[in-house]
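# Quick one, fold the following:
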Amino acid sequence: MDLSKIVSIAGKPGLFKVLGSGKNNILVESLTDGKRFPAFTHQRISALEEISVYTTGDDRPLKEIFKSMYEQFGLQPDFDPKKLTQVELAEKFAQAVPDYDTERVYPSDIKKALSWYIQLASKNLLDFSEQVSEGDDPIKE
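As a prediction, the model looks like this:
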């Protein structure tokens, strides 16, 4: 699963797929409605690959959090994060990530992570199959 081409843009709802880059911007496509537009360097753009979640131990990358959500909820969760109370959000998130730091992870963060997971799952952009990386060639000469 490559989350480096999926970004969040502050002030804009949903997630965006990076299509290309220009001098001072990147061309993105909304995963919600498919509209394409330039996102400029002065906007706060975060690649999902770079986001992590505070836990009681080491911070965990969002990719690992999504894998935990997949193991707990499957690809089609039976809830809508926008309709849950803060307590219900915390309970759902704790099912997938029992060691998350309850003091540093806010309900808005939980709602965003759950919404992102559902959006990516609905677009078939989540792949949890184990892939062999280039450095781990199973066939040795």
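# residues in contact with the longest helix anywhere in the chain?
When the chain is parsed with DSSP state H, its longest helix is helix 107-122. Here helix 107-122 makes contact (Cβ atoms under 8 Å, 6 or more residues apart in numbering) with 6, 8, 14-15, 31-32, 48, 53, 62, 65-66, 69-70, 73, 75-77, 81-82, 84, 86, 89-90, 92-93, 126. Where you see a C-beta, it was placed from the backbone N, CA and C, and this is true even at glycine.
# can you tell me the average pLDDT over it?
For helix 107-122, mean pLDDT rounds to 95.
# cool, and stretch 21-38?
So the average pLDDT for stretch 21-38 ends up being 93.
# ok, now stretch 125-132?
Mean predicted lDDT for stretch 125-132 stands at 71.
# just the strands in this structure please.
6-9, 16-21, 25-30, 36-40, 45-47, 52-53, 60-61 (DSSP state E).
# what's the last one packed up against?
Here strand 60-61 is seen to pack against strand 52-53 when contacts are counted using 3 or more Cβ pairs under 8 Å, 6 or more residues apart in numbering; DSSP states H and E.
# so what strands line up beside the strand it packs on?
Applying DSSP bridges, strand 52-53 is found paired with strand 60-61 (antiparallel).
# Average pLDDT for stretch 82-91, rounded please.
For stretch 82-91, the mean confidence score works out to 95.
# now that stretch: how far from the chain's centre is it?
Relative to the centre of its chain, stretch 82-91 is centred 18 Å away, using Cα atoms, centre = their mean, to the nearest Å.
# who's in contact with that stretch?
Against stretch 82-91 from outside (Cβ under 8 Å, 6+ apart): 79, 81, 92, 102, 107, 110-111, 114-115.
# again, only this time at 7 Å
Residues outside stretch 82-91 that contact it (Cβ atoms under 7 Å, 6 or more residues apart in numbering): 81, 92, 107, 110-111.
# swap in stretch 30-42?
Counting by Cβ under 7 Å, 6+ apart, 9, 14-17, 19, 22, 24-29, 45, 119, 123 sit against stretch 30-42.
# Same question for stretch 14-25: list its buried residues.
By neighbour count with 16 or more other Cβ atoms under 10 Å, stretch 14-25 contains the buried residues 15-18, 25.
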